[in-house]
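# any chance you could fold what I've pasted below:
(chains A and B)
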Amino acid sequence: MANLCVHNRDFGFTEALCRGFRTGFLTDADYHHLTQAETLEDVKSNLQETDYDQFLANESAVTPAVILECATRKMVDEFKFVRAQAAEPLATFLDYITYEYMIDNVMLLLKGTISGRDVNELIEQCHPLGMFRDSTMRSIPTFENSPKGYADLYQTVLVDTPVGPYFSQFLQESSESLSTAAEVRNVLEEVEMEIIKNSLIKLYLEDFYTFCASIGDDTAEIMGEILKARADQRAINITLNSFGTPLNEPTMRATDRKRLYPSIGFLYPAGTAELAAAADEQALGQAISPFPVYREIWAVHQNESIDDRSIDDAFYEREVQMLELAFEGQMHFAIYYAYVKLKEQEIRNLVWISECIVQQQKDEINKFVPCFSKAAPWRSN
Amino acid sequence: MGYMACTATYCNASYDEVLTHMSPYGWGYMGIAFGLGLSVVGAAWGIWLTGSSLVGAAIKAPRIRSKNLISVIFCEATAIYGVILAILLLSKIGDGGEAKDNDGVLPDDWEYNQFYFAGYSLFSSGLSVGLTNIASGISVGIAGSSCALADAQDASLFVKILIVEIFASALGIFGIIVGIIQSNDAEFPSS
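Just a heads-up that it's a prediction; the model follows:
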């Protein structure tokens, strides 16, 4: 109650701003027009009627990659405008949203160097929300791909960045196991990158959850639900993707794979303990069967050949449902997170539609998850 | 009760001596200060609650600008109640000059009971109006903020949420009505 009385003093303007951006989402009618388009020029002129307006005005050729870049740029401009108006603790909250993209960018640069790609090309591919200073970005690919290389990378470059603490925690944990399992580590040369990325995201999610809990009130409640759902999604996906890879070896399951499961989430601790022991899909299904929501999502995965909906689609739908619900309440911070994630989903939809048009796959074109759609399965009219 | 060991010139016998020795004019003016001051605090609180949302929401939906000023006007009304009450109460207080001809001592036939009654009456009346108007102002402010955001999203919601605000501003009206009744019989005696 006290939050209701004083929230608008610091955050009334930014909340109203974010809700203004929410009105800019594409509606069912817009998506209908877009799916009827024959060429990407039609898509461009259709989008001119919406909030996207002239976002492609300065582009000579319209391709799906260009649409992705321009739409992302528009979202980032809006985000940065809100960030510029934000007071504490909203400013830190918005920064936390960008840390995830910073982690993605760092991993992109490291991975790209291993495959021998050019630094400039990599920097252009980085997500604009997670950019460091140019000098920092350029120095990341110069480090070697080994535990010592990562330690050097951390000490010289990453320690000053916001993702430094996650890296240092990861290095601490991996150096503990290094002395006991040095020979096993050589086997993992291929999965090394994925493990680093999953560990960093896990640490980030836990940190974000703690921060939201410290804000309290509605923010802690709503963001807690959203982050827990994300943590569970990661746990299930890591387990599912590990079948058939070295990570699924009995020795690796308890040590390495279990270490990747976040310690927040509805599945923690009993569910993740069973997931850690799961060796195949049947065991996975049994491990998550006590949880009704995940049981349903798992059923979608098992019927994949019949319905042609994958487990990713089911997770996306659930995420969109939860993020839309964040807008139902006033005077909390979850709407900013929801806005960024839903806008990303919309950009993914736009790219999907554009790709289908370019490749003339009209029967696949309706396989996207719209945001704030009146026809959504969870809305019963 | 009321007698203590202290016998010096300026010590008080007990709390009832403290309270009864406070001038009813003091009680009266404090009542006016609370009535006006707290009402304005409530009105200001409500205005910044609703105004910040209104300003932000009008960026993407400029059409809501004029209609949603009604929320601000509702908040302003609580301040006006405070001013009305203050002026009403002020008119009941004389110039307090009864004792100046008599060397600072009140006349012998001074009606003390009426004097104290008037003072307490004005004080409680001011407090009633002030506290109810804080509640009313905050309430209208939060509802007005939601009204602006909802109107920006969907214009048909404006009138429905306005009804919530009307109920909220009724709280201030309760305060001023009771405040006027409380101070009705108050009359400072005059010589």
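# A:Pro141 is in contact with A:Leu108, isn't it?
No - assessed by C-beta atoms under 8 Å, A:Pro141 is found out of contact with A:Leu108, at 9.9 Å. For the C-beta atoms, the positions are set from N, CA and C on the backbone; glycine is no exception.
# pLDDT of stretch B:67-78, averaged?
Computed over stretch B:67-78, the mean pLDDT rounds to 95.
# show me which positions of it end up buried.
Residues of stretch B:67-78 classed as buried by neighbour count (16 or more other C-beta atoms under 10 Å in any protein chain shown): B:Lys67, B:Asn68, B:Leu69, B:Ile70, B:Ser71, B:Val72, B:Phe74, B:Cys75, B:Glu76, B:Ala77, B:Thr78.
# then stretch B:89-102?
Result for stretch B:89-102 [16+ other C-beta under 10 Å]: buried residues B:Leu89, B:Lys92, B:Ile93, B:Glu98.
# which SS state does the second one fall under?
The reference is to B:Lys92. For B:Lys92, the secondary-structure state derived from DSSP: H, G, I helix; E, B strand; the rest coil is coil.
# how about the residues of chain B that lie near chain A?
By C-beta under 8 Å from any C-beta of the partner chain, the residues of chain B that approach chain A are B:45, B:48-57, B:59-61, B:138, B:141-142, B:145-146, B:148-149, B:152-153.
# just the element for B:Pro17, please.
For residue B:17 the amino acid is Glu, not Pro. Using DSSP states H and E, B:Glu17 sits within helix B:15-21.
# sorry, that was for A:Glu274
helix A:270-277.
# now do A:Thr50
Using DSSP H and E, A:Thr50 maps to neither a helix nor a strand.
# over to B:Ile32?
helix B:24-60.
# what is the burial count for A:Cys126?
A:Cys126 sits with 19 neighbouring residues when counted by other C-beta atoms under 10 Å in any protein chain shown.
# which residue ranges form the helices in the stretch 51-200 of chain A?
A:64-84, A:90-114, A:119-125, A:134-139, A:147-156, A:164-178, A:182-187, A:192-215 (DSSP state H, counting those that start in this stretch).
# re the thing from before, what mean pLDDT does the helix holding B:Ile32 get?
Here the average pLDDT along helix B:24-60 is 95.
# could you tell me which residues within that helix count as buried?
For helix B:24-60, burial by neighbour count (16+ other C-beta under 10 Å) applies to B:24-25, B:27-32, B:34-36, B:38-54, B:56-58, B:60.
# give me the helix or strand of the chain that scores worst on average pLDDT.
Picked chain A for this. helix A:182-187 (a mean of 40; mean pLDDT, DSSP states H and E).
# one step back: and the following helix or strand past the helix holding B:Ile32, what's buried?
Heading C-terminal from helix B:24-60, the first helix or strand you meet, by DSSP H and E, is helix B:64-67. Of the residues in helix B:64-67, B:Ile64, B:Lys67 count as buried by neighbour count, 16+ other C-beta under 10 Å.
# in contact with residue 120, which residues?
Looking at chain A here, since you left the chain open. If a contact means C-beta atoms under 8 Å, 6 or more residues apart in numbering or on different chains, then A:Asn120 has no contacts.
# sorry, I should have been clearer: chain B.
B:Pro24, B:Trp27.
# in which helix or strand would I find whichever residue of the stretch 151-300 of chain A sits closest to chain B?
Nearest to chain B, among the residues of the stretch 151-300 of chain A, is A:Asp218, at 13.7 Å (C-beta to the nearest C-beta). Taking DSSP H and E as the criterion, A:Asp218 maps to helix A:217-242.
# what's the spacing between the helix or strand of chain B with the lowest mean pLDDT and its chain's center?
Ranked by mean pLDDT, DSSP H and E, the weakest helix or strand in chain B is helix B:15-21, scoring a mean of 79. Relative to the chain's own centre, helix B:15-21 is displaced by 25 Å; criterion: C-alpha atoms, centre = their mean, to the nearest Å.
# and if you look at stretch A:76-89?
Chain-centre distance of stretch A:76-89: 19 Å, with C-alpha atoms, centre = their mean.
# returning to what we had before: and the helix holding A:Glu274 with helix A:217-242, angle?
In terms of direction (axes from the mean of the first three to the mean of the last three C-alpha atoms, to 10 degrees), helix A:270-277 departs from helix A:217-242 by 20 degrees.
# low-confidence stretches in chain A?
Applying pLDDT under 70 to chain A flags the ranges A:1, A:145, A:147-151, A:175-191, A:380-381.
# what sits against residue 25?
Using chain A here. A:Phe25 neighbours (C-beta under 8 Å, 6+ apart): A:Asp51, A:Leu342, A:Lys343, A:Glu346, A:Cys371, A:Phe372.
# right idea, wrong chain: chain B
Contacts of B:Tyr25 by C-beta under 8 Å, 6+ apart are B:Ile93, B:Gly96, B:Gly119, B:Phe188.
# who in the stretch 251-381 of chain A is up against chain B?
A:Gln330.
# quick check: A:Leu108 vs chain B, distance?
A:Leu108 sits 33 Å away from chain B, going by C-beta to the nearest C-beta, to the nearest Å.
# tell me how many other residues crowd that residue.
Residues contacting A:Leu108 under the criterion other C-beta under 10 Å number 20.
# contact partners for the closest residue to A:Phe291 other than its chain neighbours?
Excluding the flanking residues, the one nearest A:Phe291 by C-beta to C-beta, 6 or more residues apart in numbering or on different chains is A:Phe266, at 6.2 Å. Listed by C-beta under 8 Å, 6+ apart, the contact set of A:Phe266 reads A:Lys228, A:Ala229, A:Asp232, A:Phe291.
# you'd agree the first one is up against A:Gly265?
Yes - shown here, A:Lys228 and A:Gly265 form a contact pair, counting by C-beta under 8 Å, at 4.6 Å.
# B:Tyr178 reaches B:Gly130, doesn't it?
That one is not Tyr; residue B:178 is Val. No - contact between B:Val178 and B:Gly130 fails when scored by C-beta under 8 Å: they sit 12.0 Å apart.
# who's more crowded, the two?
Using other C-beta under 10 Å as the criterion, B:Val178 and B:Gly130 rank with B:Gly130 on top: 26 against 15.
# where's the more buried one, which helix or strand?
Using DSSP H and E, B:Gly130 falls within helix B:112-153.
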